[in-house]
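Q: Build me a structure from this.
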Amino acid sequence: MHIAEGFLSPMQCAAWYAVSAPFVIHGARAVIAQSRRSPENRMLLAAAGAFTFVLSAIKLPSVSGSSSHPTGTGLGAVLFRPPVMAFLGTVVLLFQALLLAHGGITTLGANVFSMAVVGPWVGYSAFLLTRQLGASPAVAVFMAMFFADMATYCTTSLQLALAYPDPSSGIAGALGKFLGVFAITQVPLAVMEGLLGVVIFGFLGRVAPQDLARLGIRTTTSKELQHA
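A: Numbers count the residues shown, from 1 in each chain. Below you'll find the model as predicted:
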């Protein structure tokens with residue numbers, strides 16, 4: 001998912017920075033507000049960021065010749081809402097670019113938009129929708145993690161298609177090719193990430209139901225997750 005240095009033109013890099021910046025600024029304010037409102041949740045906030053860092057740093061070879069990895073942003077989106085993950089995801093991507101050569105500084109705006117903006121919002125929307133349809137918390141958490149992961153890769157595919165349109169079929173043709181590169185490996189990874197999310201939320205439901213309640217996740221939900 002992480003677009004490396006040199007893959008986007010300077011104009012495209014600047015455009016993605018401009019698109020991502022408002023979300024990151026709003027997210028920074030949300031993190032500050034969350035920390036002031038519930039200082040007891042700071043450790044859980046840090047854990048959500050660390051979870052995203054670890055999962056998104058795992059590179060797995062793809063059968064299509066690329067590499068893939070989970071994203072981990074769905075967890076934080078459900079716990080703290082998507083704006084918070086825009087900031088946390090940016091911090092994660094910045095450290096990965098500087099310390100792991102995973103991604104890049106010039107392409108940071110594009111990577112932030114796909115993994116820290118689109119992914120969390122899609123994942124959180126899937127969580128809310130499935131809950132409103134009467135699905136169990138376990139199913140809702142699974143859907144949040146799954147769709148946050150897949151939305152990130154679909155967005156990255158679109159970003160690359162805009163940068164490298166197919167000579168004959170244009171952006172649409174390039175999009176199909178880039179999706180094909182990622183999809184074979186990413187679908188099972190997204191499923192595994194969803195299952196991992198269910199396990200983690202079940203654990204939180206057992207050891208920290210009060211923390212979940214402070215975050216607006218009903219105690220009954222956390223109890224259901226214990227038995228998921």
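Q: for the record, mean pLDDT for the helix or strand harbouring G205?
A: Using DSSP states H and E, the element containing G205 is helix 170-207. Predicted confidence along helix 170-207 averages 88 (mean pLDDT).
Q: Now do the buried residues in it.
A: Neighbour-count burial for helix 170-207 flags 174-175, 178-179, 181-183, 185-186, 189-190, 193-194, 196-198, 200-202, 204-205 (criterion: 16 or more other Cβ atoms under 10 Å). Quick note: C-beta positions are derived from backbone N, CA and C, even for glycine.
Q: which secondary structure elements does that helix contact?
A: For helix 170-207, the contact count by 3 or more Cβ pairs under 8 Å, 6 or more residues apart in numbering; DSSP states H and E identifies strand 67-68, helix 73-80, helix 137-163, helix 209-214, helix 219-226 as packing neighbours.
Q: Give me whichever of these is most buried.
A: For the helices and strands packed on helix 170-207, the largest average neighbour count (mean count of other Cβ atoms under 10 Å) is found in helix 73-80, namely a mean of 29.
Q: Quick check: buried residues in the very next helix or strand once past that one?
A: Tracing the chain C-terminally past helix 73-80 and defining elements by DSSP H and E, one meets helix 82-99 next. Residues of helix 82-99 classed as buried by neighbour count (16+ other Cβ under 10 Å): 82-93, 96-97.
Q: quick one: helix 82-99 to chain centroid distance?
A: Its chain's average C-alpha position is 10 Å from that of helix 82-99, according to Cα atoms, centre = their mean, to the nearest Å.
Q: got it, and stretch 95-115?
A: 13 Å.
Q: if you average pLDDT over stretch 11-27, what comes out?
A: Per-residue pLDDT values across stretch 11-27 average out to 97.
Q: Looking at F95 now. What's its pLDDT?
A: Listed pLDDT for F95 reads 92.
Q: what residues are up against it?
A: Residues in contact with F95 (Cβ atoms under 8 Å, 6 or more residues apart in numbering) are F53.
Q: tell me the centre residue of the chain?
A: In the chain, the C-alpha closest to the average C-alpha coordinate belongs to T73, at a distance of 3.1 Å (Cα atoms, centre = their mean).
Q: pretty sure that one is touching M85, no?
A: Yes - counting by Cβ atoms under 8 Å, T73 touches M85, with 5.2 Å between them.
Q: Which helix or strand contains the residue of the chain most remote from its centre?
A: Within the chain, S168 marks the point farthest from the mean C-alpha position, 32.7 Å out by Cα atoms, centre = their mean. Here S168, judged by DSSP H and E, is contained in no helix and no strand.
Q: For the helices and strands packed on helix 170-207, give me CSV that also has distance to H2.
A: Below are the helices and strands packed on helix 170-207 laid out as CSV (distance: least, Cβ to Cβ, whole Å):
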stretch, distance to H2
strand 67-68, 9
helix 73-80, 13
helix 137-163, 8
helix 209-214, 31
helix 219-226, 31
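Q: Of all these, which one is nearest A46?
A: The closest of those to A46 is helix 73-80. By Cβ to Cβ, the value is 10.6 Å.
Q: Can you give the distance of the closest one from its chain's centre?
A: Distance, centroid of helix 73-80 to centroid of chain: 8 Å (Cα atoms, centre = their mean).
Q: by how many degrees do it and helix 170-207 diverge?
A: 50 degrees (axes from the mean of the first three to the mean of the last three Cα atoms, to 10 degrees).
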